[in-house]
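1. This is a predicted model, with the sequence first.
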Amino acid sequence: MAQNNTKNTKKKESMTIITLRRLQKNKTAMAGLVILILMLAIAVLAPVLAPYDYTETDLFATFGTPSLKHPFGTDELGRDILSRLMVGSRYSLKIGFISVAISSVIGIALGSICGYFGGKVDSWIMRIMDIFQALPALVMAIAICAVLGPGVRNCIISIAISGIPGYVRMARASVLNIRKMEYLEAATAINCSTSTIIIKHILPNALAPLIVQMTMGVANGILSASSLSFIGLGVQPPMPEWGAMLSAGRNYIRNYPHMVMFPGITIMLCILSLNMLGDGLRDALDPKLKD
Amino acid sequence: MSENKNDVLLSIKDLEVVYTAGGATVHAVNGVSFEVKRGQSLGLVGETGAGKTTIAKSILGVLPDPPAKVLGGEIFLDGQDLLKTAEKDMRKIRGKKISMIFQDPMTALNPLMTVGDQIAEVVALHENVNKKQAMEKAMEMLEMVGIPGERYAEYPHQFSGGMKQRVVIAIALACNPELLLADEPTTALDVTIQAQVMEMIADLQKKLNTAMILITHDLGIVAESCDMVAVIYAGEIVELATKEELFLHPTHPYTIGLFGSIPSLTADVDRLTPIPGLPANPEALPEGCHFHPRCSKCTEACKSGEVPFVEIRPGHFVRCGLCSK
Amino acid sequence: MDNALIEARHLKKYFDTPRGKLHAVDDVSFTIAKGTTMGVVGESGCGKSTLGRTMIHLLESTDGQIFFNGEDVTKVDKKKLHDLREQMQIIFQDPYSSLNPRMTVSETVQEPLIRSKRFSKAEIAERAEAIMNTVGLDERLWNSYPHELDGGRRQRIGVARAIALDPSFVVCDEPVSALDVSIQAQVLNLLQDLQEEKGLTYMFITHDLSVVRHISTHICVMYLGQLVETCPSKELFQSPLHPYTKALLSAVPSTDILHKKERILLRGELVSPIEPKPGCRFAARCNYACDKCHEPQTLEEVSPGHFVSCCRVKEING
């Protein structure tokens, strides 16, 4: 790489560094990132940080409103809600991130193949995706969970599968957009092989909108997990998944709203931070926007 | 030539427009003044970013605010200051007194409406006629632009680029406006189609006595279609003259540079003489004469202060410090 | 021609569409001598861009032959194509979409050298620097990204990329059409200088007749995939023979205000290039059309070096 050490040459900055620098300037995105990092830290350190054991019941302190002893109050079995939320973050975040990882990798691979090769391959894969998408994602997740049985692992699988068509479509559109660009023809003219073209020229430019979709996807995954637990599939008691806690609390919402409020706010905060980060990433990743 | 040739239709004085976005200010138009008489055509020549489209949009009152802001100046149409006219009154003027043709015919037409309906729409908006009369007028306009009236009920995608542009022109002239703003109307068209369309515009202009401001970067089109020419650089008019004066006696170094940059269709030129450097950055305009960093005749005096707008021959104005004697 | 670098013989390129075969390039033959510039002019849909891309194997020809330095290179194997590509390069029209937005200027210029596999890392860096200097890209721009630069500079990057491997033949596909007039002149001068310095042979594709007159030694005029006229540049402008060429030249607006132009206005619309009928495709709009025009036309040498594809060429021109 030609690196002149004279003062005249601007130092080359990789696109990653430029992106991170731009992201830094966006206060909303930074706020989202900070909240997310905090939540991740809590998730990792939950067993240590949580003031109480999440299964520890105290039948003399059921339905406790927020107090010094229990900052978020207690649930119907006297368990500390704050501790349960902390431990619950492990499930929610795990489900959210892993399901996105699976569906995006499979989805982007399939979508890129569709977009680049076109023809019959494209037609077949897209028609199969159409069939998948004929069912609303959540209904599909419910169906899969119902077949496989409840539990965290099946939750992840079902949410991942229901998310694949979205990524296939996006990746395909992204690649199709880039295929129109003349720099791909230029790459052919200078003797780049097909794999070089895909890896070096198409993917880096196609990934930008997908990365944003992935952050939003985590948010979606968490919401889906919450929804699944809400209806009894997914994470099973006594696991303190946020949605399950919401579900349990809904019977008592009139008299003890705190049981619903705190899980609800936690879910909302998590989704919000992911969305703010996602929006910021979308702007930061666009090479054409001015610094 | 109409009897009202000496009648001034449009008078712009000291127009100043800026765009503010993300902390940066773009000085798009910096003190532009000119007049257009009834039935006359003025060519506005300049390169990308010179401010030509901004001027046209200011006249029509369609500048997006924010980020655009008119800082000062007056635009008088028949005695009425358009900059001080309320939006609801401007709506009566657009399409009726002033019309605009945009550059890209592919996107200027609504793909979901028939071409006839799009012409009839503007007629119905401004004239006091019923639906049937509007349709009749629309068909008349189609014939006038060389499209068979039977094609009234066809959709834009069924027409070629050149024909779409004719429809756009039909819409623009349907209510017999006094002023037509044409923003690079033929840039997106092939040369042979361009010739047909420009011919038609000139024809209609004469027939309906419409004044025209033709925005273009093509000096050839200016030579064939315009009476007066204004050369714009960095948001200012640097030379203003009749067509004959400009082509036979170009004076401003930028104008001369433009002529030197274009290859000739008739003469043999060994090497072009391009204007060195890049067009002025409207976010950071040079001090003094905006063109001085690229000017071969630049002196110290050119680098600061006001640059006079001098009448070097009757009706021929140049914005250059070296021209004032 | 002895010093012919490039030759096309009855070259055809058809595309498959749902409505039938699109005859983008239909039976085109010409020769380009070494060190000269062949201008290819025509309006949209005439097939000039397709022709350029077919000549350098970015598109595979449907029929006909392509010769490079006397050798038949119509169908070549992978290894030969690799070597051939280093000899035949292309500069694109759009300075925005022809550069990978995530690669710096020097990365873009170095890439052809890297793909060539012939040079060491040090050689690559050295050559790239030399080329960037030759095309007038200042050192401080070498680590910039395309979006930070204006159209003129981006085109210079495209030029640098094309000449990095010292090709002998460069297809210039409307390289200045997207640039402002004053920048156009700078890039045209650059292309001329490079041609003189390195003995390059150009195929210069454009719709702008004044540009093509300035830069070409010979010109090919195309209409809807057919080659209608080809001859030395000056001759085309002084004595155009084909009715389409005459109409095209008369349509260009002239800056000469002292001499009013006689304009030949064409009637009618373009015929469809999909499954076209045999014969001259310009006949539908030609003022001289007759029955013979619907038979296949041949390119005939009307005067030395001046070829026209029109059955009535002698009658029309007296």
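-> Right, received. Where do you want to start?
2. So what's the gap between the longest helix along chain A and the chain middle?
-> Using DSSP state H, we find that the single longest helix of chain A is helix A:81-117. Helix A:81-117 sits 5 Å away from the centroid of its parent chain (Cα atoms, centre = their mean, to the nearest Å).
3. Can you list the helices and strands that the helix or strand that it is followed by packs against?
-> Sequence order places helix A:119-134 as the next helix or strand after helix A:81-117, per DSSP states H and E. Applying 3 or more Cβ pairs under 8 Å, 6 or more residues apart in numbering or on different chains; DSSP states H and E, one finds that helix A:119-134 contacts helix A:81-117, helix A:152-179. Placement of C-beta: from N, CA and C, glycine included.
4. In CSV, list those helices along with mean neighbour count and mean pLDDT.
-> CSV is the format used below for the helices and strands packed on helix A:119-134 (neighbours: other Cβ atoms under 10 Å in any protein chain shown; pLDDT from 0 to 100):
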stretch, mean neighbour count, mean pLDDT
helix A:81-117, 22, 91
helix A:152-179, 22, 91
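5. Out of these, which is closest to C:Ala247?
-> helix A:152-179 (36.6 Å; Cβ to Cβ).
6. Now do the closest one: distance to the chain's middle.
-> That offset, for helix A:152-179, works out to 12 Å (Cα atoms, centre = their mean).
7. Beyond the helix or strand bottoming out on mean pLDDT in chain B, next helix or strand please.
-> The weakest-scoring helix or strand in chain B, judged by mean pLDDT, DSSP states H and E, is helix B:105-108 (a mean of 83). For helix B:105-108, the following helix or strand on the C-terminal side (DSSP H and E) is helix B:115-126.
8. Now do the contacts for the residue in the stretch 51-200 of chain B positioned nearest to chain A.
-> Residue nearest to chain A within the stretch 51-200 of chain B: B:Pro67 (13.7 Å; Cβ to the nearest Cβ). By Cβ atoms under 8 Å, 6 or more residues apart in numbering or on different chains, the contact set of B:Pro67 is B:19-21.
9. Please tell me which one of these counts the most neighbours.
-> Compared across those, B:Tyr19 has the highest neighbour count, 20 neighbours, by other Cβ atoms under 10 Å in any protein chain shown.
10. Just give the closest residue to A:Gly64, not the sequence neighbours.
-> A:Thr74 (3.9 Å; Cβ to Cβ, 6 or more residues apart in numbering or on different chains).
11. Tally up the residues packed near that neighbour, please.
-> 27.
12. neighbours around the closest residue to chain A within the stretch 151-300 of chain B, how many?
-> Going by Cβ to the nearest Cβ, chain A is nearest to B:Glu283 of the stretch 151-300 of chain B, at 10.6 Å. Using other Cβ under 10 Å, B:Glu283 is surrounded by 11 other residues.
13. do B:Gly79 as well
-> Around B:Gly79 there are 7 residues (other Cβ under 10 Å).
14. quick one: contacts for it?
-> Applying Cβ under 8 Å, 6+ apart, no residues qualify as near B:Gly79.
15. any idea how far it is from B:Lys96?
-> 16 Å (Cβ to Cβ, to the nearest Å).
16. returning to what we had before: show me what contacts the residue nearest to A:Gly64?
-> Counting by Cβ under 8 Å, 6+ apart, the residues that A:Thr74 touches are A:58, A:61-64, A:80-81.
17. wait, isn't C:Thr206 in contact with C:Val41?
-> Yes. Using Cβ atoms under 8 Å, C:Thr206 is in contact with C:Val41, at 6.2 Å.
18. any residues in contact with both of those two?
-> C:Val212.
19. Compare neighbour counts for the two and give me the winner.
-> Neighbours around C:Thr206 and C:Val41, counted as other Cβ under 10 Å, are more numerous at C:Val41. The numbers are 27 against 22.
20. my read: that one touches C:Val221, true?
-> Yes. With contact defined as Cβ under 8 Å, C:Val41 reaches C:Val221; the gap is 5.6 Å.
21. okay, and the common contacts of these two?
-> In contact with both C:Val41 and C:Val221: C:Leu248, using Cβ under 8 Å, 6+ apart.
22. low pLDDT regions in the stretch 151-291 of chain A?
-> Applying pLDDT under 70 to the stretch 151-291 of chain A flags the ranges A:287-291.
23. Can you verify my assumption that C:Thr230 contacts C:Thr217?
-> No. Look at C:Thr230 against C:Thr217 with Cβ under 8 Å: they stay out of range, at 11.7 Å.
24. more neighbours, the two?
-> Neighbours per residue (other Cβ under 10 Å) separate C:Thr230 from C:Thr217, with C:Thr230 holding more: 27 against 17.
25. so what pLDDT did that one get?
-> The score at C:Thr230 is 95. That number is its pLDDT.
26. how near is it to chain B?
-> Using Cβ to the nearest Cβ, to the nearest Å, C:Thr230 is found at 19 Å from chain B.
27. Get me the contact residues on the stretch 151-300 of chain C for chain A.
-> Taking Cβ under 8 Å from any Cβ of the partner chain as the criterion, the neighbours of chain A within the stretch 151-300 of chain C are C:158, C:161, C:164-165.
28. so what's B:Ala188 up against?
-> Going by Cβ under 8 Å, 6+ apart, the list of residues near B:Ala188 reads B:103-106, B:161, B:165.
29. now with 10 Å?
-> B:102-107, B:161-162, B:164-165, B:194, C:44 (Cβ atoms under 10 Å, 6 or more residues apart in numbering or on different chains).
30. Give me the three-state assignment for it.
-> Assigned by DSSP: H, G, I helix; E, B strand; the rest coil, the conformation of B:Ala188 is coil.
31. shaky segments in the stretch 1-150 of chain C?
-> Looking at the stretch 1-150 of chain C by pLDDT under 70, you get C:1-2.
32. And the strands in it?
-> In the stretch 1-150 of chain C, the segments counted as strands under DSSP state E, counting those that start in this stretch are C:4-17, C:20-33, C:37-41, C:63-68, C:71-72, C:88-91.
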